[in-house]
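J.: What follows is a predicted protein model with its sequence.
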Amino acid sequence: MSKSDTNQMQKIVAWSKRRGFVFPGSEIYGGLANSWDFGPLGAQLKRNIRDLWWQNFVVGRDDILGLDGGILMNPRVWEASGHLAGFTDPLIDCKKCNARFRIDHIIESKLKNHEKIKQDIKKIGESSNDIDEVESVKFIKEYKIAANFSTEVKDFLWYCRRQFDLYSKHPDDNKFNTFLINIFSIPCNECGAQKWSEARDFNLMFKTFIGPVDDQDNKVYLRPETAQSMFVNFKNILDSTRVSLPFGLAQQGKAFRNEITPGNFIFRVLEFEQMEIEYFIQPTDWEKYFKMWEEAMSSWLDMLGIKRESWSIREHGASELSHYSKRTIDFEYNFPFGTKELYGLAYRTDFDLRNHEQFSGQNLHYQNPVSAESFIPHVIEPTFGVERSVLAVICDAFEVVTGGRGEASRQEEEVVLRFDRKIAPVKVAIFPLIKKELLIKAGREVLAGLRNQFKFMANFVIAYDEAGSIGRRYRRQDEIGTPYCVTVDFETLDDQAVTVRDRDTMKQERVKIAELGEWLKEKYR
Ligand code: ATP
C-alpha cells in the first residue's frame with residue numbers, strides 16, 4: 001500500500017467512527033480483534049444496500065424467490081457440502097512464542113523477497129515454453145494448498161518439485177509446506193525463532209454445542225455461507241410453489257468464518273453478511289445464464305453508484321477453480337489496500353444438489369413439466385458480501401477536498417461523501433436558518449409534512465438540524481453524504497418557499513413548500 005493509500009484508509013476508518021458509520025467492536029472493554037459494530041448511519045447504509053438488492057433481485061423479478069434459512073443447520077449439511085473436509089486454511093505454530101500463522105502466507109512472503117529465488121523464477125519465466133502446462137496444473141492440484149499461492153510462487157514450487165523430485169518425498173500438502181519453511185530457514189514474524197510445529201489444516205467453521213453438554217454428538221456449526229439452506233430447501237420449494245426452470249432462490253443473512261488473517265477494516269471479518277442467489281438451470285444452458293449473471297452483477301455495481309473504473313473482473317485459472325466449479329469469476333474492487341475480491345460468480349454444476357441427494361437419501365431431482373425428463377439441475381451462484389459492498393461504496397464516494405469546498409471556506413480539508421442517492425443514509429436535511437422560534441416552527445412543519453408524504457417510502461430518512469452556522473450544518477451533511485439540504489429562512493414566512501442545496505453541485509434553488517415533496521420524489525424516482 002502506498003503512503004497516500006494508507007493515509008486514505010486511515011482517514012476512512014477515522015471518519016467512519018467520528019460520523020457514526022462503523023465503530024470498533026466492544027470498544028469500552030478494549031475491543032475484540034476484527035469485530036466492528038455499525039453505528040446509526042452505517043446501519044442505515046447497510047440496510048439501504050440490502051433492501052435495494054432484495055428489491056432488484058427478488059421483488060422486481062419473476063424468476064427469483066426469497067428464503068430466510070437458519071444459521072444453525074444439521075451438521076450433515078456441512079459434510080455433504082464439503083465444508084467439514086475442505087473449508088480449511090493451512091496453519092503452523094511457532095514453538096517458541098506460540099504465534100500462529102497461515103503457512104502459505106509466510107512462505108509466499110519469503111519466496112517473493114528472496115533474490116536468488118526470484119532469479120530462479122525469472123529463469124522459469126524465460127524458458128516458459130519448457131513448462132508443461134498440464135503437468136504444472138496437475139502438480140498444483142495435487143498440492144491443493146499450493147493453490148492459495150500466487151502464480152509466481154506456484155511456478156517456483158512446480159520448479160522445485162521437478163528439480164528435486166519433492167513430490168515423492170513429501171506427498172502430503174502440509175508436510176511439503178513444513179519442508180519448505182524449514183529449508184528456506186524462514187523465521188517467526190513475531191520472535192525470530194526457527195522452531196516450527198508441523199503444518200496442519202485448520203477448519204474455518206465456528207463450532208458450538210446444542211444443549212447443556214459440550215460433547216461431539218451435540219456439536220453444530222455457525223454457517224460459513226448462506227448458500228446451503230437454498231439447496232437443502234430445494235425440495236420444499238418445488239413442493240410448495242409452482243416454479244419451473246430456470247429459477248433462483250435468494251437469501252440474505254449472517255455467515256461466520258474463523259479467519260486466521262482477518263483485517264483491512266471491514267473487508268475480512270469473522271462475522272459478516274452475505275446476499276446470495278442459487279440460480280437453477282438446465283445443464284446445457286449454463287453459458288447463457290453465466291453471461292446473464294455477469295451482466296446483472298455489473299448493473300448492480302452501477303446501481304450502487306460505484307464508478308466503472310474502480311472495479312474489474314478476474315477469471316479464475318484452472319488451478320484456482322474449486323473442485324466443483326467449471327467457471328468462476330471475481331468482481332474485484334480497487335480498495336486503497338489493493339485490488340481484492342468484492343463479489344464472486346460461479347458455475348457450481350450439480351455438485352451441491354447431487355451431494356445433498358446422496359447424503360440425505362431424498363430425491364432432489366427436478367422433473368421437466370413438458371418432457372417429463374427427470375434430472376438434477378445445475379446452478380449458477382452470484383454471491384455478494386454486504387460489508388464489502390459497504391466498504392466499496394464508502395471508498396468510492398469518499399472525497400477529501402483540500403482547502404474546503406466553497407470559496408469562503410476556511411477549512412484545511414473538507415470531506416464529502418458522494419453516495420448515490422438511492423443508498424445515501426440520509427435523503428434530505430431540514431435547517432431553520434437561525435435558532436429563532438418562528439423559523440424553528442416553520443422548519444418543524446416542513447419536516448412533519450415531508451415525513452408524512454414519505455411515510456410509505458421505506459428508508460427515506462429525513463434529518464433536522466438547528467445547531468451551529470449554516471455553513472457548518474452543510475459541512476456536517478456533506479460529510480455523511482446527504483444529497484439535499486433544505487433551509488427555511490425569513491423569506492419563507494412570506495413566500496412559503498425554501499432553499500434547496502444540492503450536495504454535488506452546491507447550487508441552490510428556491511422551491512415552494514407545497515411542491516417540495518413532489519420535487520424530492522422526482523429526484524428519488
Ligand atoms: P476471500 O477469497 O476474500 O476469502 P472467498 O472467495 O472465500 O473470499 P466466498 O466464499 O466466495 O468468498 O464468499 C462470498 C462473498 O462473501 C465474498 O465475495 C465476499 O464478498 C464475502 N466474504 C467472504 N468472506 C468474508 C469475510 N471474512 N469478511 C467479509 N466478507 C466476506
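T.: It's in. Numbers count the residues shown, from 1 in each chain.
J.: what ranges do the strands span in the stretch 351-500 of the chain?
T.: Ranges of strands in the stretch 351-500 of the chain, per DSSP state E, counting those that start in this stretch, are 366-367, 374-375, 378-385, 398-402, 413-417, 428-432, 462-464, 484-488, 497-502.
J.: Kindly state which of those is positioned closest to residue 32.
T.: Closest of the strands of the stretch 351-500 of the chain to residue 32 is strand 378-385, at 20.2 Å (criterion: C-beta to C-beta). Quick note: C-beta positions are derived from backbone N, CA and C, even for glycine.
J.: what sits against the residue in the chain that the ligand sits nearest to?
T.: Distances between the chain and the ligand by C-beta to the nearest ligand atom are smallest at residue 385, namely 2.2 Å. Listed by C-beta atoms under 8 Å, 6 or more residues apart in numbering, the contact partners of residue 385 are 272-275, 342-343.
J.: Write down the beta-bridge partners of it, one by one.
T.: residue 274 (DSSP bridges).
J.: What residues does the stretch 1-150 of the chain have near the ligand?
T.: Proximity of the stretch 1-150 of the chain to the ligand, by C-beta under 6 Å from any ligand atom, involves no residues.
J.: give me the element residue 41 is part of.
T.: Residue 41 belongs to helix 40-54 when assigned by DSSP states H and E.
J.: now residue 62
T.: Residue-wise, residue 62 maps onto no helix or strand under DSSP H and E.
J.: How many neighbouring residues does it have?
T.: 7 (other C-beta atoms under 10 Å).
J.: what does the one 5 residues further on give?
T.: Here the number of neighbours of residue 67 (other C-beta under 10 Å) works out to 19.
J.: Over to residue 357?
T.: Counted by other C-beta under 10 Å, the residues lying close to residue 357 total 19.
J.: need the contact list for it.
T.: By C-beta under 8 Å, 6+ apart, residue 357 lies in contact with 363-365, 376.
J.: Pick out the most distant pair among the contacts of residue 385.
T.: Farthest apart among those by C-beta to C-beta are 273 and 342. That separation is 14.0 Å.
J.: which one of these two has more residues nearby?
T.: Between residue 273 and residue 342, residue 342 has the larger neighbour count (other C-beta under 10 Å), namely 24 against 20.
J.: list the contacts for that one?
T.: By C-beta under 8 Å, 6+ apart, the contact set of residue 342 is 311, 330-333, 385, 388-389, 392.
J.: repeat for residue 325
T.: Counting by C-beta under 8 Å, 6+ apart, residue 325 touches 316, 346-349.
J.: what does residue 381 give?
T.: Residue 381 touches 227, 276-279, 344-348, counting by C-beta under 8 Å, 6+ apart.
J.: sorry, back to before: most neighbours among the contacts of residue 342, which one?
T.: Result: residue 389 is most packed of those (other C-beta under 10 Å), 26 neighbours.
J.: And residue 266, how close does it get to residue 8?
T.: Separation of residue 266 from residue 8 (C-beta to C-beta, to the nearest Å) stands at 15 Å.
J.: More neighbours: those two, which one.
T.: Counted by other C-beta under 10 Å, residue 266 and residue 8 do not tie: residue 266 has more neighbours, with 24 against 18.
J.: measure the more buried one to residue 87 for me?
T.: Distance, residue 266 to residue 87, by C-beta to C-beta: 22 Å.
J.: Would it be right to say that residue 34 lies in a helix?
T.: No. Under DSSP: H, G, I helix; E, B strand; the rest coil, residue 34 falls outside any helix and is assigned coil.
J.: for the helix holding residue 41, what is the average pLDDT?
T.: What helix 40-54 shows for mean pLDDT is 98.
J.: and that helix, how far from the chain's centre?
T.: Centroid displacement of helix 40-54 relative to its chain, using C-alpha atoms, centre = their mean, to the nearest Å, is 13 Å.
J.: The helix or strand following it packs against which elements?
T.: The first helix or strand that comes after helix 40-54 along the chain, using DSSP H and E, is strand 64-67. Contact partners of strand 64-67 among helices and strands, from 3 or more C-beta pairs under 8 Å, 6 or more residues apart in numbering; DSSP states H and E: strand 247-256.
J.: and the strand it packs on, which strands flank it?
T.: Partners of strand 247-256 in the sheet, by DSSP bridges, are strand 64-67 (parallel), strand 271-281 (antiparallel).
J.: Tell me which helix or strand comes right after the longest one.
T.: In other words, strand 271-281. Sequence order places helix 286-303 as the next helix or strand after strand 271-281, per DSSP H and E.
J.: With the first one instead?
T.: If you walk from strand 64-67 toward the C-terminus, the next helix or strand you reach (DSSP H and E) is helix 76-81.
J.: residue ranges with poor pLDDT in the stretch 51-200 of the chain?
T.: Low-confidence segments of the stretch 51-200 of the chain (pLDDT under 70): 112-149, 151-152, 154-172.
J.: Which residue ranges of the stretch 151-300 of the chain form helices?
T.: Taking DSSP state H, counting those that start in this stretch, the helices of the stretch 151-300 of the chain run over residues 151-164, 166-169, 173-183, 228-232, 234-240, 286-303.
J.: Tabulate those helices in TSV, adding columns for mean neighbour count and distance to residue 255.
T.: As requested, the helices of the stretch 151-300 of the chain are exported to TSV (neighbours: other C-beta atoms under 10 Å; distance: least, C-beta to C-beta, whole Å):
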stretch	mean neighbour count	distance to residue 255
helix 151-164	18	28
helix 166-169	13	36
helix 173-183	18	26
helix 228-232	23	10
helix 234-240	15	19
helix 286-303	16	19
